[in-house]
Every structure is written in C-alpha cells, then in structure tokens.
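K.L.:
Quick one: sequence plus predicted model below, questions after.
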Amino acid sequence: MKNQKPLLIHVLAIIVAFLPLTQLTARQKVPITFNKYHGYTGTVDYLKKVAAAHPDITELIQIGTSALGRPIYVLAISNMKNGTTIDKHVKLENMRAENVKNVPPMKTHMGKPGHYISGATHGNEYTANELCLYIIDKLVSGYGDDKDITSLVDRVAFYICPIDNPDGVFNSVEMGIPQRSNSMYRDKNLEGTPVPNGLIPQFRYKHAEGEFVIDDADPRLMVRLRPNETTTKQRYRVITEYRDDAGNLRKGQLPSEGIDVNRNYPEGWWTEEGKPGGQGHYPTSSPEAHAIAEFFMNYRNILNANFYHTSGGFTYRPMGTAPNTAMHETDIAYYDFVMGRKYIEILGEQVPEEWLNPGRLEEFKASHRERGANKYVQARGYEFPYFWKSSYNERTDQRYGYGMVIDWLHAQQGIYALTTELWNPAKDIPGLKVEEGPERQLNLQRALLRHQDEKYNGSLFVKWKPFKHPEHGEGEIGGWRSIYSSNNAWPGEPLLYVCENHWKFELYRAGLLPDIRISQASARVIHTGTAGEPAVSYEGNIITLTKGKGAGRYRLVEVTATIENAGALPTQMARGTTLTNLREDVVWLVTDRKNVDFIEGSAWRRIGVLGGTTVVPGVIRGGNNKSEVKWMIGVKGDVPLKIVVTSQKGGTAVQELTIK
Ligand SMILES: [Zn+2]
C-alpha cells in the first residue's frame with residue numbers, strides 16, 4: 001500500500017494539471033469596472049466579495065485600524081491548498097502553553113515567496129487603490145484559466161493592500177476633498193454627506209496683484225504668470241475652497257492636520273543632527289505605518305514590494321534618505337538592469353544605452369568622468385532616466401525626505417522595494433491630442449479640457465459661474481472637480497491604460513521571485529549490519545566497525561540532495577545577507593530521531609543564500625544557485641525520511657525518501 005500512494009497522487013496530479021485547459025473558462029465571479037473610483041467603501045466591499053467568492057486562493061487579513069477607526073486590509077492571494085511551512089514538519093522544541101496565541105502556526109502561504117503591492121498611502125492618490133483592485137481581479141479571475149497567472153498564484157504569495165490610509169481615501173473620494181495624510185480628528189460636518197463627483201475647488205476673482213490671467217485660446221483656463229512677468233490683461237487671484245455645485249462651502253480635514261504616513265517609518269527618520277526629521281512623534285507612531293510595519297515583521301517571506309503613488313509616470317527605487325553609495329552594487333544591478341529596464345520597456349520608452357550594454361559599463365564610467373558628471377553618476381556609470389530613479393538629489397547631495405517606507409524595507413528588511421508614481425496625463429490618455437509648440441504645459445491643459453468635453457461630456461470640469469464670496473466679494477467658482485484634478489488617472493480608458501501597464505510590471509516582478517526546488521535526492525544503503533554485530537562509525541571515506549553500539553539491526557545510509565533556486569532573484573538581497581533579522585537557507589533531514597544516528601551532517605544545516613538564474617554580463621554574474629548536501633546516517637529498522645528546505649524568502653520544498 002505504501003508504495004501505491006505516491007503513484008495514485010501522481011496520476012491525480014496529471015488529471016488535475018489538464019483540467020484547466022479543458023474545463024475552466026475565464027470567469028469574473030465578482031464583476032468590477034473602472035468607470036468610477038471605488039473609494040474606501042467600494043474597495044472594502046469588493047475585497048469582502050472577492051474573499052467570499054474565492055476562498056481557495058484568497059485570505060482577507062485585517063492588519064490594523066486607521067486613526068479614525070477604519071479597518072486596514074491586506075488581501076493574500078495564493079493557492080491555499082498547496083505549499084507548506086517548516087513548522088508542519090519540525091515540532092517546536094519549546095512549545096507554547098495552551099491558549100497562548102503569541103506564536104500561532106504559520107499559514108502555508110508564508111512558506112512561499114511573498115510579493116507585496118500597496119495602494120493609496122497618500123489618500124488623494126487613489127489611482128494606486130484602483131490599480132490594486134485591477135491586479136486583484138486579474139489574479140483571481142485568471143487563476144485556473146491563464147497558465148502564467150495560475151502557476152504564479154500556486155507558487156507565490158501576493159499580499160495586496162489597496163488602501164493603507166483609509167481616512168485619507170475616504171475624505172478624498174467619498175467626501176471629495178483631497179487629503180494626503182491620515183486624519184487626526186473627525187469632522188462631524190462631513191459625515192454621511194458624500195459628494196461622489198468631487199467638489200469645486202476654485203474661486204477666481206479680479207485682483208491687481210493676481211498671479212493668473214485667463215487663457216486666450218480657452219477662457220476656462222487660468223494661466224499662471226511667470227515671476228516678474230508683466231501683462232496688460234486682467235489679473236486674477238485663484239484660491240482653493242471646496243464648494244458644492246450650489247456654492248456652499250464645505251469645510252474639510254486639511255492635509256497638514258494629519259501625519260504623512262510615508263514619512264513615519266524608522267529608516268532615515270532622524271536628521272543628521274539627531275533631531276526628528278520625519279513626521280509623527282516617533283517612527284511608526286501613526287496607526288497606519290504601525291500596521292504596515294507590523295505586517296512586514298510577521299510576513300518574513302516578502303521579497304518584493306511596490307508602494308504605488310501618483311503622479312508623474314515614473315518609479316523611485318531606493319534610496320531617498322541616503323545616496324546611492326549606501327547601497328550594495330549587486331542590489332543596484334537587480335533594481336536598474338533587471339526591474340528598471342523592464343519597466344521602461346513596458347512604458348515604451350528608451351532604455352538607457354548603458355543598461356543595454358552592461359558589459360561596457362567601465363567604458364561608460366570613464367566617459368561620465370570625462371564629461372564631469374556628478375560623483376554618483378561617475379561611480380554608477382549612468383544617469384538615471386526620468387522613468388526610473390532614486391529620489392535622492394545627486395546634484396545637491398541632499399536627501400528627498402525622512403522616514404520613507406521603501407528605504408526602511410530596503411535597508412532594514414532586505415526587500416526590493418519601489419515607489420511607482422502613476423499617471424502622466426500627457427502619455428496615459430489614449431487619443432489625447434496635444435498641440436506641438438513651446439507652451440507644452442499650456443497646450444496639455446488645453447488638450448485635457450477638450451478631451452473631457454468630447455469623452456466625458458464636460459463632466460470633469462465645472463464651468464465658471466458668478467459667485468459672491470463673503471470675504472473676497474464678486475468673482476466666479478468653477479474649475480476641475482476635485483477628484484479629477486491633476487494627480488489621478490481619469491476613470492475609464494485612461495485608468496485602464498495605467499492599470500494594464502503596471503499589472504504587466506507586477507506580473508513580471510512576481511515572476512522573478514526565487515523558486516526553491518529539490519532537484520535530486522536519494523537515500524542509499526552503504527552497509528548493512530545485523531543484531532549482535534558491532535556498529536559503524538564514519539570518518540571521511542573510511543568506514544570503521546566498532547564494538548559496543550550496534551545493538552539490533554542497522555543500516556548505514558548515505559542521503560544526498562541537490563537544492564536549487566530556479567528563480568531569477570537570489571533568496572536574499574545582498575543587503576539582506578548583512579541583516580541579522582534575516583537568515584540564510586536551511587535544509588532539514590526530518591526523520592525518527594530515536595532510530596537514526598547522524599554520523600556525518602546534522603539534522604539541520606545552513607546552505608547559505610542561493611543565487612538566482614539572472615545573468616547580466618558585467619554586473620550580475622549568476623551561478624551559485626545550487627547546493628549539494630550529503631548526510632551519512634545509521635538507521636535502525638524502518639524509518640521515514642524527508643528532506644525539507646526552508647528559505648525565508650525563496651519558498652519551502654519537501655521531498656520524502658525511500659531507502660534503497
Ligand atoms: Zn504619494
């Protein structure tokens with residue numbers, strides 16, 4: 001019976017493997033469209049429906065609560081029926097007492113490489129939230145239908161947090177008042193009075209020292225004068241005040257009154273003088289940053305992360321709080337030559353010449369030296385392209401900000417962490433016609449207005465109408481409705497275009513994750529002893545029979561295994577190998593310890609960090625992605641033998657062995 005079981009499983013596996021091709025079709029069990037923003041309420045509703053409709057591949061986890069008490073969710077997406085973790089195979093030696101839940105069993109998806117995607121950290125950047133919903137739909141609807149998606153959901157754990165700043169998104173979308181930060185107090189005036197189309201943010205009035213004039217080509221547009229520019233035209237002053245369509249003022253929570261969650265993380269939070277530089281009273285003082293930080297501390301399997309923001313249409317890789325020289329060059333190579341190159345290709349932009357010819361990097365470095373580029377460019381060998389860069393200002397040698405999450409994840413958690421700034425209206429609106437000419441920004445503004453006239457029936461922009469302001473007197477209210485103004489992808493085609501590009505990017509990045517396998521394993525009898533015979537000791541290649549130990553029948557067994565990382569990325573970043581809170585890969589030989597003596601090799605062994613399969617000539621060498629392991633054991637009677645490889649960020653592999 002014992003021998004038939006694996007065969008039966010094998011046959012079943014073959015049948016199951018062919019099922020998706022013939023029986024399953026693309027299904028959207030939970031319909032979703034992107035014709036309007038979902039906001040916090042719509043997002044939570046969608047997450048709950050998806051989790052209920054796809055219990056086999058999702059788990060909805062509440063990771064914390066916002067300042068105003070709104071739950072923060074992460075949706076885990078992974079095949080919940082496969083995978084394993086080390087604690088399923090090796091009992092904790094020091095088991096916790098009953099009913100003490102501080103060390104709960106690991107979930108099986110925690111034994112797979114983790115890929116984290118975050119939406120709106122800044123409440124008024126809800127395009128990022130929509131992208132997360134788009135990716136969730138692609139993964140759950142594509143599972144069982146699309147081969148690549150299915151295999152990724154089987155082997156990888158996606159953790160998607162569409163909104164890590166619920167209060168900011170709620171106020172920005174549901175209430176129509178853009179709010180970047182979290183909230184520190186609740187404004188009762190706003191409760192229960194949603195303004196789904198966004199409020200009118202602008203009041204313009206004539207003023208002798210006004211900074212604006214009306215555009216000649218499109219009188220709806222206000223054109224800002226350059227410093228010291230003179231004009232014969234009527235000057236206007238434009239102020240921001242959120243009013244509904246009837247002109248009633250709507251007071252809201254202002255951005256400055258909360259904490260910028262992305263300035264509240266432990267890396268680079270202090271100034272060089274040791275004073276607080278980031279926001280909040282201390283790093284992770286906001287409940288939002290606290291929840292995210294705690295999640296990453298618990299889910300040690302995460303190797304990739306992207307915190308999506310708006311706008312600009314480019315990606316920041318670390319670091320922003322420190323110069324490029326603070327990073328390991330191997331990590332830089334994976335960021336720039338692998339991920340950055342692909343990102344720029346997806347956007348359809350020009351990849352830097354140096355990245356296309358990495359073998360000539362020394363030549364490029366010399367050329368940048370001759371041209372007198374800044375010291376960071378000279379050392380690296382290339383200028384950052386607009387679309388992929390660090391936020392550190394290399395020209396002035398100044399940090400971008402304090403306490404940003406991706407710097408913390410990179411430097412303290414060993415995670416390839418990115419911040420992508422979505423939405424570049426000049427590029428991301430299919431069919432937008434911008435006139436050529438020197439006034440690029442003005443032409444773009446005119447084109448945007450025309451486009452919303454044609455494609456949105458003019459609903460994104462409120463025509464100016466007379467209004468008597470209690471303080472400033474006669475003037476007009478009008479302008480872009482708040483939720484469509486400037487920094488978010490318009491719903492419909494533009495939003496879908498942005499989502500599709502970045503879904504491709506995340507699919508590619510998840511596909512890079514390490515992939516631990518046991519490519520070969522065997523257990524072979526070297527020598528058999530019988531009852532009463534002396535036992536065996538083993539040293540090098542010499543087997544010595546000695547007296548005294550061999551009571552009962554025993555076999556001397558050689559166990560070998562080849563452990564391989566078939567993924568493109570190493571099982572830890574170079575930075576990760578220097579961090580004491582991360583560990584190298586480990587292999588266990590799990591067996592009945594009462595009837596097995598470990599003669600050579602211990603029950604668990606460290607095998608270092610396995611490299612990835614990526615080779616980029618001159619910058620990423622490749623190789624070192626295999627480890628050969630051998631044990632010599634003395635076995636009494638029949639014992640189970642199982643090899644378990646546990647890699648913190650590379651996955652878990654198990655193989656049972658039969659002694660031959
Ligand atoms: Zn942002």
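P.N.:
Happy to help now that I have it.

K.L.:
so how far is the longest strand along the chain off the chain centroid?
P.N.:
Using DSSP state E to define each element, the chain has its longest strand at strand 516-529. Relative to the chain's own centre, strand 516-529 is displaced by 39 Å; criterion: C-alpha atoms, centre = their mean, to the nearest Å.

K.L.:
any low-confidence regions in the chain?
P.N.:
1-26, 93-97, 100-102, 185-194, 196, 251-256, 529-553 (pLDDT under 70).

K.L.:
Am I right that His368 is in contact with Lys375?
P.N.:
No - assessed by C-beta atoms under 8 Å, His368 is found out of contact with Lys375, at 9.8 Å. Backbone N, C-alpha and C define where each C-beta goes, glycine included.

K.L.:
So those two - more neighbours on which side?
P.N.:
Counted by other C-beta atoms under 10 Å, His368 and Lys375 do not tie: His368 has more neighbours, with 20 against 14.

K.L.:
Please report how far the more buried one lies from the ion.
P.N.:
Separation of His368 from the ion (C-beta to the ion, to the nearest Å): 31 Å.

K.L.:
Any idea how far apart the tips of stretch 433-446 sit?
P.N.:
10 Å (C-alpha to C-alpha, to the nearest Å).

K.L.:
Show me which parts of it are buried, residue by residue.
P.N.:
Val434, Leu442, Asn443, Gln445, Arg446 (16 or more other C-beta atoms under 10 Å).

K.L.:
In three-state terms, label the second one for me.
P.N.:
Translated: Leu442. helix (DSSP: H, G, I helix; E, B strand; the rest coil).

K.L.:
Please look at it and Asp215 and confirm they touch.
P.N.:
Yes - contact criterion C-beta under 8 Å: Leu442 and Asp215 qualify, at 7.0 Å.

K.L.:
residues bridging contact with the two, i.e. touching both?
P.N.:
Leu221, Val223 (C-beta atoms under 8 Å, 6 or more residues apart in numbering).

K.L.:
Is the residue nearest the centre of the chain in a helix, a strand, or coil?
P.N.:
Among the residues of the chain, the one closest to the centroid is Ala305, at 2.4 Å (C-alpha atoms, centre = their mean). Here Ala305 is strand, with the state taken from three-state DSSP.

K.L.:
How about it: what's its closest non-neighbour residue?
P.N.:
In space, and not counting its chain neighbours, Ala305 is closest to Tyr116: 4.1 Å by C-beta to C-beta, 6 or more residues apart in numbering.

K.L.:
residues near Leu303, how many?
P.N.:
31.

K.L.:
domain ranges for this protein?
P.N.:
200-243+426-484, 516-657 (automatic domain parsing).

K.L.:
quick one: contacts for the residue in the stretch 151-300 of the chain that the ion sits nearest to?
P.N.:
Per C-beta to the ion, Asn262 is where the stretch 151-300 of the chain lies closest to the ion, at 6.3 Å. Listed by C-beta under 8 Å, 6+ apart, the contact partners of Asn262 are Thr121, His122, Phe307, His309, Gly401, Gly403, Met404, Val405.

K.L.:
so the last one makes contact with Tyr265?
P.N.:
Spelled out, that is Val405. Yes - using C-beta under 8 Å, Val405 is in contact with Tyr265, at 4.8 Å.

K.L.:
Can you check which residues contact both of the two?
P.N.:
In contact with both Val405 and Tyr265: Ala289, using C-beta under 8 Å, 6+ apart.

K.L.:
what helix or strand is the residue in the stretch 351-500 of the chain that the ion sits nearest to on?
P.N.:
Across the stretch 351-500 of the chain, the shortest distance to the ion (C-beta to the ion) belongs to Glu421, at 7.2 Å. In this structure, Glu421 sits in strand 416-422 according to DSSP states H and E.

K.L.:
and the helix or strand just after that strand, what other elements does it pack with?
P.N.:
The helix or strand immediately downstream of strand 416-422 is helix 425-428, counting by DSSP H and E. For helix 425-428, the packing partners by 3 or more C-beta pairs under 8 Å, 6 or more residues apart in numbering; DSSP states H and E come out as helix 440-455, helix 493-511.

K.L.:
which of the ones you listed is buried the deepest?
P.N.:
With neighbours taken as mean count of other C-beta atoms under 10 Å, the helices and strands packed on helix 425-428 reach their highest mean count in helix 493-511, at a mean of 20.

K.L.:
how far is that one from where the chain is centred?
P.N.:
From the chain centre to the centre of helix 493-511 is a distance of 13 Å (C-alpha atoms, centre = their mean).

K.L.:
Then stretch 108-118?
P.N.:
That offset, for stretch 108-118, works out to 10 Å (C-alpha atoms, centre = their mean).

K.L.:
Just give the nearest non-adjacent residue to Ala208, would you?
P.N.:
Leaving aside its chain neighbours, Ala208 sits nearest to Arg235 (6.4 Å; criterion: C-beta to C-beta, 6+ apart).

K.L.:
What sits closest to the closest residue to the ion within the stretch 1-150 of the chain if chain neighbours are left out?
P.N.:
Nearest to the ion in the stretch 1-150 of the chain, going by C-beta to the ion, is His122, at a distance of 3.6 Å. Nearest residue to His122 in three dimensions, chain neighbours excluded: Arg180, at 4.5 Å (C-beta to C-beta, 6+ apart).

K.L.:
residues in contact with that neighbour?
P.N.:
His122, Gly123, Asn124, Glu125, Gly168, Pro255, Asp260.

K.L.:
before we move on, what about Pro113?
P.N.:
Taking C-beta under 8 Å, 6+ apart, we find Pro113 in contact with Arg155, Val156, Ala157, Asn301, Leu303, Leu513, Pro514, Asp515, Gly567, Lys649, Gly650, Gly651.

K.L.:
switch to 10 Å and redo it
P.N.:
Neighbouring residues of Pro113 by C-beta atoms under 10 Å, 6 or more residues apart in numbering: 155-157, 301-304, 510, 512-516, 567, 569, 571, 647-652.

K.L.:
Just the ones of those residues in helices?
P.N.:
Those of the contacts of Pro113 mapping onto helices are Arg155, Ala510, per DSSP state H.

K.L.:
Keep the contacts of Pro113, but drop any that are not near the ion.
P.N.:
Applying C-beta under 5 Å from the ion, the subset of the contacts of Pro113 adjacent to the ion is empty.

K.L.:
How about the residues of the stretch 51-200 of the chain by the ion?
P.N.:
Where the stretch 51-200 of the chain comes near the ion, counting by C-beta under 5 Å from the ion, the residues are His122, Glu125.

K.L.:
mind checking how far Glu628 is from Asn298?
P.N.:
According to C-beta to C-beta, to the nearest Å, Glu628 stands 33 Å off from Asn298.

K.L.:
now Glu362, what's its secondary structure?
P.N.:
helix.

K.L.:
Now for the nearest residue to it once chain neighbours are set aside, how many residues are close by?
P.N.:
For Glu362, ignoring the flanking residues on the chain, the nearest one in space by C-beta to C-beta, 6+ apart is Gly381 at 7.6 Å. Per other C-beta under 10 Å, the neighbour tally for Gly381 reads 24.
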